[in-house]
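Colleague: When you get a sec, could you give me coordinates for this:
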Amino acid sequence: MSLNFYNFISIEGNIGAGKTSLATRISEDYNAKLILEQFEENSFLPKFYKEPDKYAFPLELSFLAERFEQLRQQLTHHDLFKTFTIADYFISKSFIFARKNLPDDTFGLYKKLFEIISLSLPKPDLLVYLYLNIDNLLRNIHNRGRDYELDIKSDYLIKIQESYLDFLKKQSGMRIVIIDTNEMDFVHRETDYQKIVGIISREYPVGIHLINS
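Modeller: Presented below is the predicted three-dimensional model:
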């Protein structure tokens, strides 16, 4: 099976959707350059989950700066020994989260900064969104056991899910695949993982493509 249709693939999804696990496995199996978000290094994240109103703006600004710098460096330096690049996020994630986490007046300023920054980065050739319902997201978050994530509530995940789906619907000029993974366990079941790879390995026209599990 080949993934050579695409030079740059981004795996996206809500918190707990399995983005990092999938991107990492694919990179190992298909000799891809791997870009992983370094979110655990952000000192504002645990503070935000406890006091979101106080820390939302510094959190979103710091994430935007960190993501931009990482993607700028990684996407402008090609590895001749890798067949393609796969990342467990893309810069649009910053916009999606900020739209739900920031009040309108602050988000207006943030949006201007985001638009300037995002224009200088290439879009992925394929954007894959892993869709999980809220109960399954909460289960995954609980199972991985990060202390600062245990304060995440279902209402917050619902807001982020809505923000993602609304954003994806408004995109033009991109290949977007939304995969319903509620009946899958691609981390522990090889058949499910191979099914995901099979979906990603297809050549898609520009637009949104919905795949049910």
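Colleague: Quick one: list the elements packing against the helix or strand bottoming out on mean pLDDT in the chain.
Modeller: Lowest on mean pLDDT, DSSP states H and E among the helices and strands of the chain sits helix 44-50, with a mean of 91. Packed against helix 44-50 by the contact rule (3 or more Cβ pairs under 8 Å, 6 or more residues apart in numbering; DSSP states H and E) you find helix 52-76. C-beta here means a position set from N, CA and C on the backbone, and glycine is covered the same way.
Colleague: which element follows the helix it packs on toward the C-terminus?
Modeller: Going down the chain from helix 52-76, the next helix or strand is strand 85-87, by DSSP states H and E.
Colleague: so what strands line up beside that next one?
Modeller: strand 8-13 (parallel), strand 33-35 (parallel) (DSSP bridges).
Colleague: Need the residues that contact the longest one.
Modeller: Spelled out, it's strand 8-13. Strand 8-13 is contacted by residues 3, 19, 22-23, 26, 32, 75, 84-90, 92-93, 122, 124-132, 164, 200 when judged by Cβ atoms under 8 Å, 6 or more residues apart in numbering.
Colleague: got the angle for it vs helix 52-76?
Modeller: On the basis of axes from the mean of the first three to the mean of the last three Cα atoms, to 10 degrees, strand 8-13 is oriented at 160 degrees to helix 52-76.
Colleague: ranges for the helices of this structure?
Modeller: For the chain, the helices defined by DSSP state H occupy 19-29, 44-50, 52-76, 92-101, 104-118, 134-144, 154-169, 190-200.
Colleague: Only the C-alpha atoms, please, for the fourth one, written as PDB.
Modeller: Same thing as helix 92-101. C-alpha atoms of helix 92-101 as PDB (Å, rounded to 0.1, in the frame of the first residue of the first chain):
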ATOM      1  CA  SER A  92      -5.300  25.900  11.800                       C
ATOM      2  CA  LYS A  93      -5.600  24.100  15.100                       C
ATOM      3  CA  SER A  94      -4.600  27.400  16.700                       C
ATOM      4  CA  PHE A  95      -7.500  29.200  15.100                       C
ATOM      5  CA  ILE A  96     -10.000  26.500  15.900                       C
ATOM      6  CA  PHE A  97      -9.200  26.400  19.700                       C
ATOM      7  CA  ALA A  98      -8.800  30.200  20.000                       C
ATOM      8  CA  ARG A  99     -12.200  30.800  18.500                       C
ATOM      9  CA  LYS A 100     -13.800  28.900  21.400                       C
ATOM     10  CA  ASN A 101     -11.400  29.800  24.200                       C
END
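Colleague: For that helix, which outside residues touch it?
Modeller: With Cβ under 8 Å, 6+ apart, helix 92-101 has contacts from 12, 48, 52, 56, 59-60, 63-64, 67, 107, 110-111, 114, 118, 159-160, 162-164, 167.
Colleague: Pull out the buried members of the residues you listed.
Modeller: Taking 16 or more other Cβ atoms under 10 Å as the criterion, what is buried in the contacts of helix 92-101 is 12, 48, 56, 59-60, 63-64, 67, 107, 110, 114, 118, 159-160, 163-164, 167.
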